[in-house]
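K.L.:
okay, here's the prediction I keep looking at, along with the sequence it came from:
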Amino acid sequence: MGYNLVIDQGNSAAKVALFEGNRLIEHWRTEKLLPADLEKIASSYSIDAAIYCSVATRGEEIIVSLRSFVQRVYEMTSMLPLPIKICYATPTTLGRDRIAAVAGAYAAHPGCDVLVVDAGTAVTYDRLTADGEFAGGNIAPGLWVRAKSLHDMTQRLPLVDVENNMPASLWGNDTDNAIISGVVYGIVGETGYYRSRMPDGALVMLTGGDAQHLASLMDFKVEVDPDLVSKGLNSILLYNENI
């Protein structure tokens, strides 16, 4: 049995993952993904199928490279069949990474209501219903964007590293800590609010670069999965392999 190659191209870096069926075998992160990187992986593993998802660029060079050594290559677009139903008025504008994260939640917890929170440059809050429907979601600034906006849009507020500093307390006792607490607990509070609007027993799943940082401050149960988008892309690949 061969392997599935999953590529999640973000705005600042690419995540590449290797799956055997549903099992994650290996994963890599690179600032700039090159065809030579993929060819190196292919020289070590027998790859049957691949899926490419990008929120940044079209990635023709990567797709052409994939097709040179993989028989079946899927590109994540609004036209690709999905294991979940999209209930979104403008599906062509829905972020592909958001779809993949919700598909990952569905693969992990079929039949469950799930709030999927992807905390990166932006933070997204997406609702998966127990029936497997992407019922919509919201987009807000992430930790870094909030902190930078406070600095850029005001005269005297400093630029504070909110991603690598935990709030000292709920209420800041100096300007730096007031920003850290305000920004970090703002997203914690948003997550709690959206959770309160979900059906009883709904799960909360966090992914993205700031997921662990935020999860440690939440006073309710959350599941952190840094590979949720990759797992969702793999589930979409498997779905297309079997239809």
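P.N.:
Thanks, I have the structure now.

K.L.:
just checking, Asn22 touches Tyr239?
P.N.:
No: with contacts defined as C-beta atoms under 8 Å, Asn22 does not count as touching Tyr239, sitting 11.7 Å away. (Each C-beta comes from the backbone N, C-alpha and C, glycine too.)

K.L.:
neighbour count: those two, which is higher?
P.N.:
Tyr239 (17 against 12; other C-beta atoms under 10 Å).

K.L.:
look at the more buried one and give its secondary structure.
P.N.:
At Tyr239, secondary structure determined by DSSP: H, G, I helix; E, B strand; the rest coil is helix.

K.L.:
just to check, it is in contact with Pro81?
P.N.:
Yes: judged on C-beta under 8 Å, Tyr239 makes contact with Pro81 at a distance of 6.6 Å.

K.L.:
what's around Ile139, how many residues?
P.N.:
13.

K.L.:
check for me that it belongs to a strand.
P.N.:
Yes: residue state for Ile139 (three-state DSSP) corresponds to a strand.

K.L.:
could you point out the helix or strand that follows the helix ranked longest in the chain?
P.N.:
Identified as the longest helix of the chain according to DSSP state H is helix 175-196. The helix or strand immediately downstream of helix 175-196 is strand 203-207, counting by DSSP states H and E.

K.L.:
roughly how far out does that next one sit from the chain middle?
P.N.:
Relative to its parent chain, strand 203-207 has a centroid offset of 10 Å by C-alpha atoms, centre = their mean, to the nearest Å.

K.L.:
that strand pairs with which strands, parallel or anti?
P.N.:
Using DSSP bridges, the strands paired with strand 203-207 are strand 114-119 (parallel), strand 223-224 (parallel).

K.L.:
out of these, which gets nearest to Leu38?
P.N.:
Nearest of the strands paired with strand 203-207 to Leu38, taken as C-beta to C-beta: strand 114-119 at 24.8 Å.

K.L.:
alpha carbons of that closest one, as CSV, please.
P.N.:
In CSV, the C-alpha atoms belonging to strand 114-119 read as follows (Å, rounded to 0.1, in the frame of the first residue of the first chain):
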residue,chain,number,x,y,z
VAL,A,114,-18.1,20.8,16.9
LEU,A,115,-16.9,24.4,17.2
VAL,A,116,-13.7,24.5,15.1
VAL,A,117,-11.3,27.3,16.1
ASP,A,118,-8.3,28.0,13.9
ALA,A,119,-6.1,30.5,15.7
